[in-house]
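J.: Got a predicted model here, sequence first, then my questions.
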Amino acid sequence: MQFNRIALAALTMMIAGPACAQDGEMADVEIRTEQLAPGVAVLFGRGGNIGVSYGEDGTVLIDDQFAPLTGRIQSAIAGLGADPVRFLINTHWHGDHTGGNENFGEAGAVIMAHENVRVRMAANGRDGRVVPQAALPVVTYHDGVKLHLNGDTVHAIHLHNGHTDGDSVIWWENANVAHMGDLYFNRISLPYIDRDSGGSAQGMAAAIDRVLAITDDETRIIPGHGPMATRADLIGYRNMLLTINEQVQAAIDAGNSLEEIQAMNIAAPYEVEGGFISAEQYIGFVHDSLTDPNAMAHDHADHGPDHDDGDDHH
């Protein structure tokens, strides 16, 4: 869809500048570190927020921003007193979260992700760039995987058809920290639903409900973009998603066209000044999700009924 490609281009421009692959465009980027719990930190730079789990069993990185930033990210990790990255988990396939994969893979990290992340990266994305073999996940999963490291259980939980069809939320069970990937933007923009990659408004709301079910008021939440958040922030975000979905569905049921629904300004009260997704664009994502009969059936790797990944008891 041209509409969705325009939105992704706007996201890339907002985060990386017009030549995100060029070292010169990244020269002014600083990697800022925030400690969240013993052995758990978040790194802010340019691109998706990075989670770090570290300790005597090794270092796990969640996403890796852009290739020119790898050295600075590695320095920030060393500044935590952590070893070089042993495992790298991608929350989804977009380049502002996977741009450093090749560098970390060549440095010896084992890259892990949902099956659809590898499928989409191996297909070279939208722009036809060849993704090097070293950048591809070498361990993939369908429902999820658990890493028992550094005195904690780190859950990678696949949530279907939200931002994309390959989203994973990463949850540190003992430290009580959740990395949302781009299922959650905190105070930086309206959501981006990548319809070309199997995302849907229904799936995004369902994903947030799933995370709310395993978290509590003390959980520290790392959004894909934006500052750290609380569970109360995430509840407000979920309520926004549901309210917009319901109002757009009611307008569809009343026979209104997309243009008429966009003119209703349903998402305008939630629009973020300077955000890279406008209210009109977001309503387009929601409308397309609700009117597409296959909106929840884009999961390339979904070969059977949804299975329990062992996390529902929390």
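T.: Right, received. Where do you want to start?
J.: Can you verify my assumption that residue 270 contacts residue 187?
T.: No: counting by C-beta atoms under 8 Å, residue 270 does not reach residue 187; the two are 10.8 Å apart. For every residue, glycine as well, the C-beta is placed using N, CA and C.
J.: Among those two, which residue is more densely surrounded?
T.: Shown here are residue 270 and residue 187; by other C-beta atoms under 10 Å, residue 270 has more neighbours (17 against 13).
J.: which non-adjacent residue is nearest that one?
T.: Closest residue in space to residue 270, ignoring its immediate chain neighbours: residue 240 at 5.2 Å, by C-beta to C-beta, 6 or more residues apart in numbering.
J.: Test my guess that the one you found contacts residue 268.
T.: No: with contact defined as C-beta under 8 Å, residue 240 does not reach residue 268; the gap is 11.9 Å.
J.: Comparing the two, which residue is more hemmed in?
T.: Between residue 240 and residue 268, residue 240 has the larger neighbour count (other C-beta under 10 Å), namely 17 against 14.
J.: Could you check the strand or helix carrying that one and say which residues are buried?
T.: For residue 240, the element it lies in under DSSP states H and E is helix 231-253. Buried residues in helix 231-253, counted by 16 or more other C-beta atoms under 10 Å: 231, 233-234, 237-238, 240-241, 244-245, 247-249, 251-252.
J.: what do you get for stretch 109-125?
T.: Result for stretch 109-125 [16+ other C-beta under 10 Å]: buried residues 109-121, 125.
J.: residues touching residue 172, list them.
T.: 37, 40, 53, 152-155, 178 (C-beta atoms under 8 Å, 6 or more residues apart in numbering).
J.: same question but for residue 271, I mixed them up
T.: Counted by C-beta under 8 Å, 6+ apart, residue 271 has contacts 190, 278-279.
J.: Of the residues you listed, which is the most crowded?
T.: Result: residue 190 is most packed of these (other C-beta under 10 Å), 23 neighbours.
J.: Identify the residues contacting that residue.
T.: Applying C-beta under 8 Å, 6+ apart, the residues near residue 190 are 267, 270-272, 275, 277-279, 281-282.
J.: just to revisit the earlier point, filter the contacts of residue 172 down to the ones in strands?
T.: 37, 40, 53, 152-155, 178 (DSSP state E).
J.: what's the spacing between residue 72 and residue 33?
T.: Residue 72 sits 11 Å away from residue 33, going by C-beta to C-beta, to the nearest Å.
J.: Report how far apart the opening and closing residues of stretch 36-56 are.
T.: End-to-end distance for stretch 36-56, by C-alpha to C-alpha, to the nearest Å: 18 Å.
J.: Which positions in it come out as buried?
T.: So, applying 16+ other C-beta under 10 Å, buried residues of stretch 36-56: 36, 39-55.
J.: can you give me the helices in the stretch 151-300 of the chain?
T.: With DSSP state H, counting those that start in this stretch, the ranges of helices along the stretch 151-300 of the chain come out as 201-214, 231-253, 258-263, 279-291.
J.: Can I get the third one in CSV? Just the C-alpha atoms.
T.: Output in CSV follows, covering the C-alpha atoms of helix 258-263 (Å, rounded to 0.1, in the frame of the first residue of the first chain):
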residue,chain,number,x,y,z
LEU,A,258,-13.0,6.7,4.9
GLU,A,259,-12.8,10.3,3.9
GLU,A,260,-15.9,11.1,5.9
ILE,A,261,-14.5,9.2,9.0
GLN,A,262,-11.2,11.1,8.7
ALA,A,263,-13.2,14.3,8.7
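J.: Going by contacts, tell me the helices and strands next to that helix.
T.: helix 231-253, helix 279-291 (3 or more C-beta pairs under 8 Å, 6 or more residues apart in numbering; DSSP states H and E).
J.: Using JSON lines, lay out those helices together with distance to residue 259 and mean pLDDT.
T.: Listed next are these as JSON lines, based on distance: least, C-beta to C-beta, whole Å; pLDDT from 0 to 100:
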{"stretch": "helix 231-253", "distance to residue 259": "11", "mean pLDDT": "98"}
{"stretch": "helix 279-291", "distance to residue 259": "10", "mean pLDDT": "98"}
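J.: closest to residue 197 among the buried residues of helix 231-253?
T.: Closest approach between the buried residues of helix 231-253 and residue 197, by C-beta to C-beta: residue 241, at 18.1 Å.
J.: which regions of this structure sit below the pLDDT cut-off?
T.: Within the chain, the stretches falling below the threshold (pLDDT under 70) are 1-23, 125-128, 293, 295-314.
J.: That's all I had, so thanks and see you.
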